[in-house]
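Peer 1: Sequence isn't available, so here's the structure alone:
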């Protein structure tokens, strides 16, 4: 019998009260507020400590959830085990942690995740978790989103996080702590997940992760029905980081096979091979091409020391040649001298010969004859007039310092913007522990160090099959404030790196 200080909402008790290790037969739970009575309909293992876990799904009659998970213990032997494992999960939403006790005599140590975990706890709002009352033995840990808590892991379909340690051993009332796990936002390796035919010889390849450095990481082969290797023009989409565009010249409509794989000599990014069959119809779109960017709410990011080009993006593919005399840039009704260069079959760079004025209003004029669409009708209006603003000049600072007790070159320093978590800046740590990160945009950042064991300049979350633990990392609670034209130095940063 468990007695609570408040009356409990009856619908929540079956989702929130569990017994670990899980008995073979389901337990019976009865509510007699404020008491909960648990009946175990099973013969229990001798000399085993059992844990009654009350997770964060439990709510009282006022719909208030408990703040953190509660663990109670009882034993079928003479003592209650007191081993514990505690740590922190880094995830964008609520997470859960599964713990498997491992029998190394059989294959359980390799494919343990194919069965349900022996113990499960919910992490707190700030990611902290703790397993209590553990017996001596070997354990493995996996963290997942709370929505899939307690399930066997399908490593091909589920997103999961692993610790940097291969296995955990509890012995003589051990208390293991400071276990850190990151759950990635996207699961597995990058992969082509979709191919789309648009019009003419134009199509798109959509990937599960960003393809910013695709030329150095991805092999793309396209074959026709006669198994002839084709030569499409490939380029990254100017607005979508997950998309590559292709331009393909086929004499007759037909099907093509598109195969993607990782370049053999590339360790920069992991890519799963994939193959998609796509019909190319060679149909021409009769709609008018449009200017997608800039638009009326567009802000051109500018710097004081570098003239950054304005990218004019179109809704369809354009020919290589264009009419430079049909585009103008104005400020306060004055023409601004410009350089015009084609960037891709979807965009053109326009660069003022004199740097932009910060925080100012500009006007872009585009004549109907500026570009020639490949597979669409021309611009509808004889003149496009688009007003947009520039930002304030970006300011930059430098971040430098040194790590204590570092004697190898594996370490990477990473700053993540608190305003936009996708904006990250990295630098390698030197053999003497020193580092220097130049030209970091002004702002507030979180700070972490990780051991780049696979040397791909990217944090690796680990894999289950084959089992590879995550790379070691450490985060620091203080916010790093980078100020323009200032050097920020942090000396003697302590790290607890375990190889």
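Peer 2: Okay, I see it. Keep in mind the model is a prediction, meaning the values are calculated, not measured.
Peer 1: quick one: residue 100 from residue 141, how far?
Peer 2: Noted for residue 100: a distance of 8 Å to residue 141, by C-beta to C-beta, to the nearest Å. C-beta: built from backbone N, CA, C; applies to glycine.
Peer 1: Counting neighbours, go ahead and name the busier of the two.
Peer 2: residue 141 (23 against 20; other C-beta atoms under 10 Å).
Peer 1: isn't that one right up against residue 163?
Peer 2: Yes: here residue 141 reaches residue 163: they are 5.5 Å apart, a contact under C-beta atoms under 8 Å.
Peer 1: tell me, what's touching these two both at once?
Peer 2: Listed as contacting both residue 141 and residue 163 by C-beta atoms under 8 Å, 6 or more residues apart in numbering are 179, 181.
Peer 1: give me the low-pLDDT residue ranges for the stretch 301-450 of the chain?
Peer 2: Low-confidence regions of the stretch 301-450 of the chain, defined by pLDDT under 70, span residues 407.
Peer 1: my read: residue 442 touches residue 397, true?
Peer 2: Yes: under the criterion of C-beta under 8 Å, residue 442 lies in contact with residue 397, with a separation of 6.2 Å.
Peer 1: out of the two, which sits in the busier spot?
Peer 2: Here residue 442 and residue 397 are compared on neighbour count by other C-beta under 10 Å; more neighbours surround residue 397, at 19 against 15.
Peer 1: partner residues bridging the more buried one?
Peer 2: Taking DSSP bridges, one finds residue 440 as the beta-bridge partners of residue 397.
Peer 1: Roughly how far does it sit from residue 475?
Peer 2: Residue 397 sits 21 Å away from residue 475, going by C-beta to C-beta.
Peer 1: Please apply the same query to residue 431.
Peer 2: Noted for residue 431: a distance of 23 Å to residue 475, by C-beta to C-beta.
Peer 1: for residue 364, same thing?
Peer 2: For residue 364, the distance to residue 475 (C-beta to C-beta) stands at 43 Å.
Peer 1: quick one: which of those two has more around it?
Peer 2: Just comparing residue 364 and residue 475: by other C-beta under 10 Å the higher neighbour count belongs to residue 364, 21 against 15.
Peer 1: So which residues lie in contact with stretch 442-449, not counting its own?
Peer 2: Counting by C-beta under 8 Å, 6+ apart, stretch 442-449 makes contact with 394-397, 403, 411-419, 425, 429, 473-476, 478-484, 493, 495, all of which sit outside it.
Peer 1: Could you check it and say which residues are buried?
Peer 2: Under the neighbour-count criterion of 16 or more other C-beta atoms under 10 Å, stretch 442-449 has 443, 445-449 buried.
Peer 1: what do you get for stretch 357-366?
Peer 2: Buried residues in stretch 357-366, counted by 16+ other C-beta under 10 Å: 362-364, 366.
Peer 1: And stretch 327-344, by the same measure?
Peer 2: The neighbour-count check on stretch 327-344 (16+ other C-beta under 10 Å) flags 327-329, 336, 338, 340, 344 as buried.
Peer 1: Ok, stretch 287-298 next?
Peer 2: Of the residues in stretch 287-298, those buried under the neighbour-count criterion (16+ other C-beta under 10 Å) are 289, 291, 293-294.
Peer 1: hang on, the earlier thing: going by distance to residue 233, which of the buried residues of stretch 357-366 wins?
Peer 2: The shortest distance between residue 233 and any of these, using C-beta to C-beta, involves residue 366 and amounts to 23.9 Å.
Peer 1: Any idea what that closest one is bridged to?
Peer 2: Applying DSSP bridges to residue 366 gives these bridge partners: residue 327, residue 384.
Peer 1: Go ahead and confirm it touches residue 378.
Peer 2: No: between residue 366 and residue 378 there is no contact under C-beta under 8 Å: 11.4 Å.
Peer 1: Could you find the closest non-adjacent residue to residue 65?
Peer 2: residue 59 (5.1 Å; C-beta to C-beta, 6 or more residues apart in numbering).
Peer 1: Next one: residue 61, what pLDDT does it get?
Peer 2: On pLDDT, residue 61 comes in at 83.
Peer 1: The nearest residue to it once chain neighbours are set aside and residue 30, how far apart?
Peer 2: Nearest-residue entry for residue 61: residue 7, 4.4 Å, with adjacent residues in sequence omitted and distances by C-beta to C-beta, 6+ apart. Here residue 7 is placed at a distance of 14 Å from residue 30 (C-beta to C-beta).
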